[in-house]
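Colleague: structural data only, the sequence is not supplied:
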Ligand SMILES: Nc1ncnc2c1ncn2[C@@H]1O[C@H](COP(=O)(O)OP(=O)(O)OP(=O)(O)O)[C@@H](O)[C@H]1O
Ligand SMILES: [Mg+2]
């Protein structure tokens, strides 16, 4: 062998811990910029407080939906260590199912008016049930067809590639089947889009839409229900056990196949409900509706610490708010709000990869 | 180097916790040059954890590890390999889809200098280094007795050969110190004696210092200069094989109380268990 | 026994029915029938009057494959008698026939009532529904459907039975493997390395002469295929070798294209730089993009790179489309009049007249492609490539063996991104235009499919993948709409039945004769 290589000589300081220079540089720059913007906003405010409240309002509503989808990512990641890339498309299917339900009720004549407006509450409940169950069923089969055969694949990337395949399949099939043009949700009058309560504040006015309030409440209720479900029921406990240690959980008599399937069903239910909410609140949608919410919800899951359920809930809310407040706060075009979301993903991975609510010490691999 | 340090490795008062569990508790060990030191102890005693601390996988919560009188706590594993410590794994971990010789070439990583620029332009340095490293890899494989398998996929090797391949890979970075985690686990008596011979040659011919974990008492008593006994993370004894064999505490740790016969039986059972993995 | 057969076979029948319904909803059935008809009758099929026979054929084929599948999988566990097989086949055909007839009864009655279902189901134009009704009324159509499904499953049963009795397929497979053993190309190469060199040289020469003999359409298809092959080679370094998944590869492609466009177009900057210099700069810019994306994930384990690159691709796409950058990128309009390289006069001297522009550009692409191919080969079979592969196999152990995983990860991403940048520059120059709509997520998916289908980590596999993914669909224009659906399904199926790809990697033989232990002793001195 050629000349002796000088051995690396760690100084005493270095032995304590290698400093992550990148983290510091990025953290300081990002922090300084945010501080600078805050000062700017205080010195010469572009928007009055009413606007800020308005942004917050939009953020909360979108955030609720992000949270619901993000929980699905987190649950599946916990159980399978897989980024379920097709999750956004599961939500899309729910959205379509809800759409068709409302259309159907719209046609269904009841006396003078139609079912949709004669019995709006059952119609909405049914739409949610159908949307959630379509998503749940497709999640169940998605796992069974595309992921289960790959659980012990010797190619590490196989499940993830399969997930991309599933996502493309669902999206393009929906496109061919239902057309690429945007469709409009038919809301019952009770929940008409754009209407709501106008709250006067000083010189401005905030519009609190009915659909927004409804979505937010619905999202919060679902999240609370899920939290208790995961904490208290047997299935919830098995999901948590599998997330912690698959092998030990199996030794304790937990049926991995069953728990995995059920995880997909639960995340499908949440995603489907989010899909129906999305349609009710935003109106316009097409086969592409799941794509952006999907990746943003993943961002939210990472933000809250992937695998961490309350983290995903909080992450979704935070992302929703930041995304709607961000453009005004940073003084950039509203076109660029998606850029903010992805920048946050990158910043989180640099600054705190375990997420805002994850444990800071990364768990060590047993060798 | 200025003066020859007195020990290859000195671990001082190492403590490692996992949550509430203290896997290694205040253990010290000194490894002189060209010695073979064994670590024994019942399952879950913290032996592998102790290795992981030396080789940089886990940071210890307390204590210091000195490698040739330099503290090496908290250094990432790749730099530890650069320094000249290499190891094998209790559950064999090869690069399964790569060929046997490629596995050994990866082991030489810290000793290779050519960059990807060299590679792209196929410089003289790159050519020479590639040739030398392949030659060295073949020599290493021949040394551990796997010369015939060089171009096979690592996954297809028989169990015993995989263990020896791990050793060949570990030798690639010209280690001062070699950590072997249960090198004889799951081997039949024939393979075990071949492994003992290999370990002895490693020391006598290649002048490598070895620390090994082993449950097979025959191996341990046969080749060790000194034995460290761990139980529940604590050091309960250290000494020559003879001293350990007659140490009451050790016998109790293993059996509660009993005879040497039982010790052997135990180790055989452990070996069988390893075989199943 | 009968009961389990009944339940199992009705399950398969339902699956076949769902496939039939799905294919009808996306109008795949009639498209396939149309293609078949064109194939057999020589291009006389009219889009709105597909002969019922071919519709029935496609339906029958779907049921046929389902039945074969049923018989095969069940038969491996438990042998059937012919009667049991018959029973199962009938069940499958009846169940699937029922399902598909049900759909067509509904659709047919809508058609009869003059309602257009296209409001909800875009693919089902009245003509299409008529085709699905076999151009007759509902009642007859139902009969036809049952006939097709029953005939399909019966054909499957009989074929399966014959093959069982005569063991024909097994024999032919065995004969094929014998043939392969007899030819022994690999061994011949080993014995006479010169043969291999000559063969490769011949291939390259043939490849170089190709642009002179093919027509303009083929030239353009080959150009696209090669550009995707370049991208595939770059992505293969990241995905196939270093084992990091990238979902947003298009970002680097776009970076290269836009950099090249800005540097060579008369507007907005008017730099009009030399082609090669601009290509180099685009490559470097894309590489820097890769570096930025690599930084956040270099110390992370797990598949974060996939999503980070996806996010990055979205950022790039939004930015080039936005008002913020519109002054530079032209916003939705894109950049026009991007420069093309000038043909050196050598060609004119040799051929008498200058090459046609598209031929000349194809040569350019081939040139870049060969350089990238060379680089990919060099990298893969070097210390760097091996370290990447080790990282893919077991990141923890690779690091403990001394592979600085963080920098190797970033290195892979940077090189892969730079190659994509070069491909992007070529693409922009070839089209003399670049706009935001060309950098959708689908480009990333195509690039990924190129790598996955061919075989992750395998260079010849990647080239094959480029031909399959970009070449075949160009030749099968009729199926254009269904390309992405098929890709999606193909990715899943591929991962399940053959995750290593069509042309998987072969390990190279490296071993040499060992030397004496004395040399090893000298070598191993720390
Ligand atoms: N990464 C980890 N996280 C949590 N606990 C751990 C981890 N690694 C080891 N332990 C625990 O530390 C204890 C010691 O484990 P270790 O692997 O060191 O035992 P060992 O002496 O090598 O046993 P064996 O003879 O079975 O190999 C065990 O209780 C083990 O469960
Ligand atoms: Mg151990």
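Modeller: Happy to help now that I have it. Quantities reported herein were computed from a predicted structural model and do not represent experimental measurements. Ligands and ions are numbered 1, 2, ... in the order given.
Colleague: contacts for stretch A:179-196?
Modeller: Residues from elsewhere that reach stretch A:179-196, judged by CB atoms under 8 Å, 6 or more residues apart in numbering or on different chains: A:98-99, A:102-103, A:105-106, A:116-117, A:120-121, A:123-124, A:207-214, A:279-287, C:118, C:122-123. Every C-beta, even on glycine, is put in place using the N, C-alpha and C of the backbone.
Colleague: next step: the residues you listed restricted to helices.
Modeller: Within the contacts of stretch A:179-196, membership in helices is found for A:98-99, A:102-103, A:105-106, A:116-117, A:120-121, A:123-124, A:210-214, A:279-282, as judged by DSSP state H.
Colleague: which ones, among those, also lie beside chain C?
Modeller: Contacts with chain C within those, as defined by CB under 8 Å from any CB of the partner chain: residue A:103.
Colleague: just the buried residues out of the ones in helices among the contacts of stretch A:179-196, in PyMOL syntax.
Modeller: The PyMOL command for the buried members of the ones in helices among the contacts of stretch A:179-196 (criterion: 16 or more other CB atoms under 10 Å in any protein chain shown) is given here:
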select buried, chain A and resi 98+99+102+103+105+106+116+117+120+123+124+210+211+212+213+214+279+280+281+282
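Colleague: list the buried residues for stretch A:251-264?
Modeller: Along stretch A:251-264, the positions that meet the burial threshold by neighbour count (16+ other CB under 10 Å) are A:254, A:256, A:259, A:260, A:261, A:262, A:263, A:264.
Colleague: shaky segments in the chain?
Modeller: Went with chain A since none was named. Within chain A, the stretches falling below the threshold (pLDDT under 70) are A:1-20, A:359-367.
Colleague: that's the wrong chain, I wanted chain B
Modeller: Applying pLDDT under 70 to chain B picks out residues B:1-5, B:255-277.
Colleague: the residue most distant from the middle of it, which is it?
Modeller: What lies farthest from the middle of chain B is residue B:121; by CA atoms, centre = their mean that is 37.8 Å.
Colleague: OK, contacts around that one?
Modeller: Contacts for residue B:121 were tallied using CB under 8 Å, 6+ apart; there are none.
Colleague: mind redoing it with 10 Å?
Modeller: The contact partners of residue B:121, taken as CB atoms under 10 Å, 6 or more residues apart in numbering or on different chains, are C:375, C:378.
Colleague: distance check, it against residue C:379.
Modeller: For residue B:121, the distance to residue C:379 (CB to CB, to the nearest Å) stands at 12 Å.
Colleague: and for residue C:335?
Modeller: Taking CB to CB as the measure, residue C:335 and residue C:379 are separated by 32 Å.
Colleague: so between the two, which is more surrounded?
Modeller: Relative neighbour count places residue C:335 above the other of residue C:335 and residue C:379, with 25 against 21, counting by other CB atoms under 10 Å in any protein chain shown.
Colleague: which strand residues bridge the more buried one?
Modeller: With DSSP bridges as the criterion, the beta-bridge partners of residue C:335 are residue C:434.
Colleague: what sits against it?
Modeller: Contacts were defined as CB under 10 Å, 6+ apart; by that measure residue C:335 touches C:257-258, C:260-262, C:264-269, C:320, C:328-329, C:428, C:432-435.
Colleague: how does it look with 6 Å?
Modeller: The contact partners of residue C:335, by CB atoms under 6 Å, 6 or more residues apart in numbering or on different chains, come to C:261, C:265, C:434.
Colleague: next one: residue C:240
Modeller: If you count contacts by CB under 6 Å, 6+ apart, residue C:240 has them with C:451, C:456, C:457.
Colleague: picking up where we left off before, format the contacts of residue C:335 as JSON lines; extra columns: neighbour count, distance to residue B:177 and pLDDT.
Modeller: Formatted as JSON lines, the contacts of residue C:335 follow (neighbours: other CB atoms under 10 Å in any protein chain shown; distance: CB to CB, whole Å; pLDDT from 0 to 100):
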{"residue": "C:261", "neighbour count": "32", "distance to residue B:177": "57", "pLDDT": "90"}
{"residue": "C:265", "neighbour count": "24", "distance to residue B:177": "61", "pLDDT": "85"}
{"residue": "C:434", "neighbour count": "29", "distance to residue B:177": "57", "pLDDT": "88"}
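Colleague: so where is the stretch 101-250 of chain C shaky, pLDDT-wise?
Modeller: Counting by pLDDT under 70, the stretch 101-250 of chain C shows low-confidence ranges at C:166-174, C:177, C:180-190.
Colleague: in the stretch 151-300 of chain C, which spans are strands?
Modeller: For the stretch 151-300 of chain C, no strands are identified by DSSP state E, counting those that start in this stretch.
Colleague: which one of the residues in it is closest to chain B?
Modeller: Ranking the residues of the stretch 151-300 of chain C by distance to chain B (CB to the nearest CB) places residue C:299 first, at 9.7 Å.
Colleague: measure that residue to ligand 1 for me?
Modeller: Using CB to the nearest ligand atom, to the nearest Å, one gets 19 Å for the distance from residue C:299 to ligand 1.
Colleague: kindly report the same for residue A:237.
Modeller: Taking CB to the nearest ligand atom as the measure, residue A:237 falls 21 Å from ligand 1.
Colleague: please apply the same query to residue A:86.
Modeller: 32 Å.
Colleague: am I right that that residue is in contact with residue A:162?
Modeller: No. Using CB atoms under 6 Å, residue A:86 makes no contact with residue A:162, being 9.0 Å away.
Colleague: where do the strands of the stretch 1-150 of chain C begin and end?
Modeller: Using DSSP E, counting those that start in this stretch, no strands are found in the stretch 1-150 of chain C.
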